[in-house]
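> can't give you the sequence, but here's the structure:
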């Protein structure tokens, strides 16, 4: 895309390269709702978004090919996972078709809404975005939303509304922030990640700092006041700053968190005055903090405490975020996207509180070789809190297909922390066979950002 290029108007034909990616699937649905003719292509691999695309009647070519790109297409939108030498991107240039990246189109879309809200942060983005969209929906604001996972209540990860609010998940990877100019930003936390792109913590923090600086004076920055790194971003921000967290110095405070049998109850105080008592059908303090971040923005949008409370009770979650998939024998099966040590620790501890009498078995599939190598000791410590960890090979993706570490090294690191608690396997199928030997009362969590969710399918099938 050049500075002079404008994204075409509907009913233009838009082809999405890498359409099965969750963000791309959501974008495809929003473009379709706006009147575009949408098609796409991707690998033949099964994705959890396949059903979303089928139900939306979006044409998807299985497998990348030059023949997928024809002159009737008006513009190409590509996943940032695919470089300029990708076969379909080369075919698009041969036909002089304009190319737009996913974040570029998302940024253009956000500009058409008076109140655009970017939900950013290292952990909790998807849940916070989904909760906020749900609160605004129940509050009658009719928002448009793009979430990083299918929302259970919608059956998809995007919602096209008629209101002037647009809520979207903003991913920091590859500095996608540079394409966004929202009016409001929520930052859940900042915890170093993506070492394949950000070479050190300073580089990682810098993209958040630049993002915040671009907020308009009439905008809002909602940050986790318990996180010193997040608080450091306030410098240079001209927008109104609102803090949330457990510390009494925060503008909005989380108190009296109680987790029992999969439910989290908590109180919220605004400037030390009780704002409400709330209940969420997901276990863990991290869920309460995500809900609080969303609640602060919903309150600014004019949604009452009563409606927010009702929306939290009705919230059914998203795919791959503490998703209760079913059971086999006496084992409850939960699937979760946790792929960073901080997230793993939060999930395992939430299960310890919510299912205190049960054995915890984790099937963990590491995602990206560079992250596994960089954070290996932290992975070992967090996974070592489970009773058993079954470790299949590291997920190889378009982003990284090889590295200097393997899953055997992760198994050894876990066992060094908690001897005999980790076992390596050669495939997801073998992982399911090992898991099936667990016959006692317990919770099995399939965990990771790859396709480890397939193990849950195998177990409950």
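In hand now; what should we look at? Everything numeric here is computed off the predicted structure, so don't read it as measured data.
> low-scoring pLDDT stretches of the chain, where are they?
Applying pLDDT under 70 to the chain flags residues 1-4.
> please list all residues in contact with the closest residue to residue 40 other than its chain neighbours.
Closest residue to residue 40 apart from its sequence neighbours, by C-beta to C-beta, 6 or more residues apart in numbering: residue 19 at 2.8 Å. (Glycine included, C-beta is placed from N, CA and C.) Each residue near residue 19 by C-beta atoms under 8 Å, 6 or more residues apart in numbering is listed here: 25, 28, 40, 41, 42, 53, 58, 60.
> buried subset of these as a ChimeraX selection?
Here is the ChimeraX command that selects the buried residues among the contacts of residue 19 (16 or more other C-beta atoms under 10 Å):
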select :25,28,40,41,42,53,58,60
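> what's the most distant pair in the contacts of residue 19?
Using C-beta to C-beta, the two most remote members of the contacts of residue 19 are 25 and 41, lying 12.7 Å apart.
> all strands of the stretch 151-300 of the chain, in order?
With DSSP state E, counting those that start in this stretch as the criterion, the stretch 151-300 of the chain has strands at 156-159, 165-169, 184-187, 220-224, 240-245, 252-260, 263-270, 273-280.
> partners of the fourth one in the sheet?
This means strand 220-224. With DSSP bridges as the test, strand 220-224 is paired with strand 184-187 (parallel), strand 240-245 (parallel).
> ok and it relative to strand 252-260, angle-wise?
40 degrees (axes from the mean of the first three to the mean of the last three C-alpha atoms, to 10 degrees).
> surely residue 351 touches residue 447?
No. Assessed by C-beta atoms under 8 Å, residue 351 is found out of contact with residue 447, at 10.6 Å.
> returning to that earlier point: okay, the strands paired with strand 220-224, which one's buried deepest?
Across the strands paired with strand 220-224, averaging neighbours per residue (mean count of other C-beta atoms under 10 Å) puts strand 184-187 on top, at a mean of 27.
> a markdown table please, covering the strands paired with strand 220-224 and showing distance to residue 262.
What follows is those, written out as a markdown table (distance: least, C-beta to C-beta, whole Å):
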| stretch | distance to residue 262 |
| --- | --- |
| strand 184-187 | 26 |
| strand 240-245 | 24 |
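> and of those strands, who's closest to residue 275?
strand 240-245 (11.3 Å).
> and the residue nearest to residue 113 when sequence neighbours are not counted, how close does it get to residue 14?
Closest residue in space to residue 113, ignoring its immediate chain neighbours: residue 166 at 3.8 Å, by C-beta to C-beta, 6+ apart. Distance from residue 166 to residue 14, counting by C-beta to C-beta, to the nearest Å: 19 Å.
> and residue 334, that's in a helix?
No. Assessed with DSSP: H, G, I helix; E, B strand; the rest coil, residue 334 is strand; it does not lie in a helix.
> tally of neighbours for the closest residue to it other than its chain neighbours?
Spatial nearest neighbour of residue 334, excluding adjacent residues (C-beta to C-beta, 6+ apart): residue 445 at 4.9 Å. Counted with other C-beta atoms under 10 Å, residues neighbouring residue 445 total 27.
> which strand or helix spans residue 445?
Secondary structure assignment for residue 445, by DSSP states H and E: strand 442-447.
> before we move on, what about residue 426?
Counting by DSSP H and E, no helix or strand carries residue 426.
> what about it, how many residues nearby?
Neighbour count for residue 426, taken as other C-beta under 10 Å: 10.
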